[in-house]
Each structure stands twice: as C-alpha cells, then as structure tokens.
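Chemist: everything below, folded, please.
(one chain, ligands or ions: 3)
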Amino acid sequence: MDNELKIPRHIAIIMDGNGRWAKKRHRPRTYGHAKGAKVLEQILEDADDLGVKYFTVYAFSTENWARPYEEVKVIMNLFREYLVSSLAKCMKNNVRARIIGDRTKLSPDIIDAIRNLEETTKNNTGISFQIAMNYGSRDEIIRAVRKLVREEREGKIDASEISEEMLEQYLDTADIPDPDLLIRTSGEERLSNFLMWQLAYAEFYFTDVLWPDFNKEELIKAIEKYSSRDRRYGKLK
Ligand code: IPE
Ligand code: IPE
Ligand code: MG
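Modeler: Ligands and ions are numbered 1, 2, ... in the order given. Now for the predicted structure:
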C-alpha cells in the first residue's frame, strides 16, 4: 500500500455492535447505545479534523421499531438528548447538521428539536453531518416516488423528464454528494437498508471492532484501506 492518504469527501457509517459491546460487559444493551452516542461525538470531530466534508451515520432504521419497546424508548431518549447537546457543539465547530429518514413517525418534540438543529446550523460552512433516524432506503425511495407522481399529476413535471439527477433531488440526501466510503462495524457485512441508491459506487470497509470501541485510529485504518482502492466506475484504467 502506498502511504498517500486520500481523504474521502463523504464517509457513511453503519454504527453497529452497541448491544454486543454491552453484553460483553454484563450490562444492558442500552448502556451500549449510550456509549455509542458519545463515540459518535468524538468520531465526528475526528472526521472533521481529517478533512472529511460530509459525514453520515445510521442511528435507527425503519426496521429497528421491531425491537423491544424499552430499547426503542431508550434510543429515542438518547436521540432527544443528542439533538439538544449537539446544537452548541455544531455551532462551535461550524457543523451543518441534518436528519434523514421519515421524521413524521417520530414524537412531536423530537420533530421540533430536529427542525431547531437544522435551522440553527443551516448556514454553517464546515462539515455536513447527516443522522439517519427512522431511515430505510426503500422507504426513502417510495417517499420520493410518491412526490414525483404527485407532481406529475399536477402537471409540474413530465414522466419523460425523470432522470437519475431528478430522482436524487427527491431523496432525503438531495444536494449531498454520494458517500465515497462506507464503514460498518461489528463484523456484519450487509447494508441493512442503508443508502442503497447513494452507495452504488462507494467503497465498502468492514471491521470487527464494535461501534463503542471505534476510535480515530480505526477511522484512519479505514481511510488507509480506502486510499489503496482503485475506483474504476466501470471504465478501464
Ligand atoms: C447498533 O447497535 C445501534 C442500533 C441499531 C440502534 P445494535 O443495537 O444493533 O447492537 P448489536 O448489533 O445488537 O450488537
Ligand atoms: C443497522 O443495524 C441499523 C443501525 C445501525 C442503526 P442493525 O443491527 O439493526 O442491523 P441488522 O438487523 O443486524 O441487519
Ligand atoms: Mg446490530
């Protein structure tokens, strides 16, 4: 591997393994989620320091509602706290924060906190930070298609005009470039319904490290691996 570190413009992470991390410590799964939220704060700063411009994390999937009610409740409470505590940090570090996923299914106070965080940070010019909450790629595409169909019916667009670029503008990630590198922790090697459209040409990196143990050193390892990859996009080199 050559030593030159190519910093991905956009890194996406499936933060997995919180439950197993807690179990190893004979603690409730929710203890792992609390530690995972702290690790996220640090990794966002590390990614920013390394020069990453867009950073997207999977926090809660459309499928995660099927977990026990108590666990879902704790995750929602952590998210609630996170939305508030990250506001000052985002302002201090010039971070623009956005939430992707179907927020209409979240509690009204969480929806307000999301709006407040997004509005307050929208003119920040530093790293762009996306949190996927009640996010599912299939759900996102369905919501986009519904909007397109509605606009077609209203005569605002014509079906023959629909292109990849146009559909992208209806996704939750409109105006955010596709991820260059996807990291998934905890040894699982699947997408679990995360950014399926946007990851079409991303490089994938899997590590056995559990999310609560992830740190800057592990992030750099992933970027080193990414730097050694040859991205061909279907062409010859
Ligand atoms: C990821 O950790 C966080 C969420 C899905 C909310 P998990 O809770 O999936 O942890 P494991 O995979 O059970 O260890
Ligand atoms: C994916 O992790 C979702 C998040 C990290 C938020 P899961 O732990 O829910 O995924 P599966 O069930 O192992 O595929
Ligand atoms: Mg998991």
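Chemist: so what's the residue in the chain positioned nearest to ligand 2 up against?
Modeler: Nearest to ligand 2, among the residues of the chain, is residue 192, at 3.6 Å (C-beta to the nearest ligand atom). C-beta here means a position set from N, CA and C on the backbone, and glycine is covered the same way. Residue 192 sits next to 14, 58, 61, 63 when contact means C-beta atoms under 8 Å, 6 or more residues apart in numbering.
Chemist: and those residues as JSON lines, adding distance to residue 206 and secondary structure?
Modeler: What follows is the contacts of residue 192, written out as JSON lines (distance: C-beta to C-beta, whole Å; DSSP: H, G, I helix; E, B strand; the rest coil):
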{"residue": "14", "distance to residue 206": "9", "secondary structure": "strand"}
{"residue": "58", "distance to residue 206": "14", "secondary structure": "strand"}
{"residue": "61", "distance to residue 206": "18", "secondary structure": "strand"}
{"residue": "63", "distance to residue 206": "20", "secondary structure": "coil"}
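Chemist: got a winner among the residues you listed for most neighbours?
Modeler: residue 58 (25 neighbours; other C-beta atoms under 10 Å).
Chemist: check which helix or strand residue 195 maps to.
Modeler: If you go by DSSP states H and E, residue 195 is not part of any helix or strand.
Chemist: rewinding a little: and the gap between the residue of the chain closest to ligand 2 and residue 3?
Modeler: 33 Å (C-beta to C-beta, to the nearest Å).
Chemist: ditto for residue 180
Modeler: Applying C-beta to C-beta, the value for residue 180 to residue 3 is 19 Å.
Chemist: and the two? Which one has more around it.
Modeler: More crowded of residue 180 and residue 3, by other C-beta under 10 Å: residue 180, with 21 against 6.
Chemist: quick check: which ranges of the chain have low pLDDT?
Modeler: 1-2 (pLDDT under 70).
Chemist: for it, which residues are neighbours of ligand 1?
Modeler: Contact residues (C-beta under 6 Å from any ligand atom) of the chain with ligand 1: 15-20, 60, 64, 75, 186.
Chemist: what's the closest non-adjacent residue to the residue nearest the centre of the chain?
Modeler: Compute the mean C-alpha point of the chain, and by C-alpha atoms, centre = their mean the closest residue is residue 57, 2.5 Å away. Excluding the flanking residues, the one nearest residue 57 by C-beta to C-beta, 6 or more residues apart in numbering is residue 13, at 5.0 Å.
Chemist: doesn't the one you found belong to a strand?
Modeler: Yes - looking at residue 13 with DSSP: H, G, I helix; E, B strand; the rest coil, it is inside a strand.
Chemist: quick one: residues contacting it.
Modeler: Residue 13 touches 43, 55-58, 182-185, counting by C-beta under 8 Å, 6+ apart.
Chemist: distance of it relative to residue 182?
Modeler: For residue 13, the distance to residue 182 - C-beta to C-beta - is 8 Å.
Chemist: and if you look at residue 170?
Modeler: Counting by C-beta to C-beta - residue 170 and residue 182 are separated by 22 Å.
Chemist: the more surrounded of those two?
Modeler: Neighbours of residue 170 and residue 182, each counted by other C-beta under 10 Å, are more numerous for residue 182; the result is 25 against 17.
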